[in-house]
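>>> next input, structure requested:
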Amino acid sequence: MLKEKDCLNDLDYLHSKVKAIHPCIDFKIPLQEIENEMEICRKLATRCKDPDSFAAIVSRFLKKIGDAHTSLMEFQEDARATLPFSTELVDGQVVVDKLRRELFNEEAPGLQRGSVVLYVNGKSAEEIVEENLQRTPFNSIAWGRKKAARELVGYCFFDDSTIEITYADRHGRVRSSHFPLYSSAVPAVRDCLIRENRTTYATPLETEILDDAKAGYFKLRSCWDKVIYNTMINDIFSIDPESLRDIEETWWRLFEEMEKRHFKNLVIDLRGNPGGDSRIGQFLYKYLTKKELSTYRTRVKVSEELKNREEFFSNQTDGAVLEYEKRRLLFPYENRLEESQLKELRQYEGIVVVLIGPDTYSSAEWTAAELQANDLAVFVGEATGGGGSVPGDQLYIQLPRSELIVAVSCKFFEAPGAKLEGFDAVIPDFLCTPVIADFAEGADTVLDYTKRLLQEGIL
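A predicted model of the protein is given here:
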């Protein structure tokens, strides 16, 4: 049981650590507004009833900063209402994604993947998304809207036990049904949500041969692999690092298979990738080029936590901001190949197509930005959602009394290339957006469009 003194002490600790670690805490909001928000949170803490309500207070303060990388660690957020199905934003509409049968196994007439959610308790889905957006820290409005749609009832209806959903089925028929609401604080619900997200981290690398497009296909679900991984994420999702694939070996084998088949098309899918470690993307580049590559410029805030993680900064003064203006990537960039393999490596000379969207985020956007800035690929889909030049690279602190784990950005990244700087996103060369009818059938609008472009020789 948290006491008032515990909550106040944890807030003081959080406040001091965020200011010590974050390179530009006021990059969106004036510092005085952030200080005022902390005072409001301290007053709320005097009426704090339980750990969940304290987590909500911590979330409120972090959201005020407006940096999506500075947040409570995943699945530690304040408890929120959960539907018996997940939702997704497709073509501007909130639609049903997965039915959570382990929570609710009853049938609702016409409710299935692709059903469009119109109203919740008489309130329009669009209005709810806009309200959720006010509670969501985001670096890109498109990414923020997707997150707000996925958390449709998380905040607005937390005190309700049931809810009325008005939706349109696949044939356009409008129906209404009542559904139970669940709390994400309940272990069975939390486990369900973890299972839904596990594939992103448990299977970060996947390859396939697309015979109909004469292409190799590389799906990068998150920027981790067998060697470069996040221990806390692996613990949350119960992932053994040894079960993960090696990024270098995966690339080597895909290019080897493409060469055997004389395929000259490569499709790299970065959609739905929440990020991870930016080095993961750089294992690709030696297969495409040997030239010197431009990359992000970086500002680093030195702190005790950074020194503990990286010995390189051990002699620097706490609070110093170090600037790395003219970083360049040199061949072989990131590399795990043996010297003999590197000598026999032949550059791929075919077409490289990168699929992107608003949930191409963080280190996934970093990879897309480096490929675009160095003219190494053609891009299909929608603009990325990372925000361009933003804070990132998380350090983790644990609040001493509540034991909540908070991720805090320690670096600020300035994007390479005028195109990304101008739009705060990687902009596609060919625009293609998902279609609800395809989504309902499990078809991939963007990948199918890309295949047609390759088949017709447009790319």
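>>> so which strand or helix has Lys147?
helix 141-150 (DSSP states H and E).
>>> off-centre distance for that helix?
11 Å (C-alpha atoms, centre = their mean, to the nearest Å).
>>> nearest residue to the middle of the chain?
Pro274 (2.1 Å; C-alpha atoms, centre = their mean).
>>> just give the nearest non-adjacent residue to that residue, would you?
Nearest residue to Pro274, sequence neighbours excluded (C-beta to C-beta, 6 or more residues apart in numbering): Tyr361, at 5.2 Å. (Each C-beta comes from the backbone N, C-alpha and C, glycine too.)
>>> would Ala56 count as being in a strand?
No: going by DSSP: H, G, I helix; E, B strand; the rest coil, the assignment for Ala56 is helix, not a strand.
>>> so the residue nearest to Pro274 sits right up against Val390, yeah?
No: counting by C-beta atoms under 8 Å, Tyr361 stays clear of Val390, with 10.1 Å between them.
>>> so which of these two has more stuff around it?
Tyr361 (28 against 23; other C-beta atoms under 10 Å).
>>> check contacts around that one.
Trp143, Asn273, Pro274, Gly275, Thr384, Gly385, Gly386 (C-beta atoms under 8 Å, 6 or more residues apart in numbering).
>>> contacting residues around the last one?
If a contact means C-beta under 8 Å, 6+ apart, then Gly386 has Asn139, Ser140, Trp143, Gly275, Thr360, Tyr361, Ser362, Ala364, Glu365, Trp366, Ala425 as its contacts.
>>> what's the nearest residue to Thr298 if we skip its chain neighbours?
Tyr324 (4.6 Å).
>>> which of the helices and strands in this structure ranks last by mean pLDDT?
None of the helices or strands of the chain scores lower by mean pLDDT, DSSP states H and E than helix 418-423, at a mean of 57.
>>> the following helix or strand past it pairs with which strands?
Going down the chain from helix 418-423, the next helix or strand is strand 430-431, by DSSP H and E. When sheet partners are counted by DSSP bridges, strand 430-431 sits next to strand 378-381 (parallel).
>>> can you show me the strands along the stretch 351-459 of the chain?
For the stretch 351-459 of the chain, the strands defined by DSSP state E, counting those that start in this stretch occupy 351-356, 378-381, 390-398, 405-414, 430-431.
>>> would a markdown table of those strands with distance to Pro180 and mean pLDDT be doable?
Compiled in a markdown table, the strands of the stretch 351-459 of the chain are given as follows (distance: least, C-beta to C-beta, whole Å; pLDDT from 0 to 100):
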| stretch | distance to Pro180 | mean pLDDT |
| --- | --- | --- |
| strand 351-356 | 37 | 98 |
| strand 378-381 | 36 | 98 |
| strand 390-398 | 34 | 94 |
| strand 405-414 | 30 | 94 |
| strand 430-431 | 40 | 98 |
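>>> possible to save those strands as JSON lines with distance to Ala202?
Below are the strands of the stretch 351-459 of the chain laid out as JSON lines (distance: least, C-beta to C-beta, whole Å):
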{"stretch": "strand 351-356", "distance to Ala202": "21"}
{"stretch": "strand 378-381", "distance to Ala202": "24"}
{"stretch": "strand 390-398", "distance to Ala202": "20"}
{"stretch": "strand 405-414", "distance to Ala202": "20"}
{"stretch": "strand 430-431", "distance to Ala202": "31"}
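>>> go through these and name the closest to Ala148.
Closest to Ala148 of the strands of the stretch 351-459 of the chain is strand 390-398 (C-beta to C-beta; 18.5 Å).
>>> so which elements touch the closest one?
Using 3 or more C-beta pairs under 8 Å, 6 or more residues apart in numbering; DSSP states H and E as the contact test, the elements touching strand 390-398 are helix 4-21, helix 304-309, strand 405-414.
>>> before we move on, the earlier item: what's the mean pLDDT across the helix holding Lys147?
What helix 141-150 shows for mean pLDDT is 93.
>>> just the residues contacting that helix, thanks.
Residues contacting helix 141-150 (C-beta under 8 Å, 6+ apart): 68, 86-89, 94, 125, 129-130, 132-133, 135-136, 138, 358-359, 361, 382-383, 385-387, 425.
>>> kindly report the same for stretch 445-456.
Against stretch 445-456 from outside (C-beta under 8 Å, 6+ apart): 210, 212-215, 265, 267, 269, 271, 351, 353, 355, 357, 380-381, 430, 432-435, 438-439, 459.
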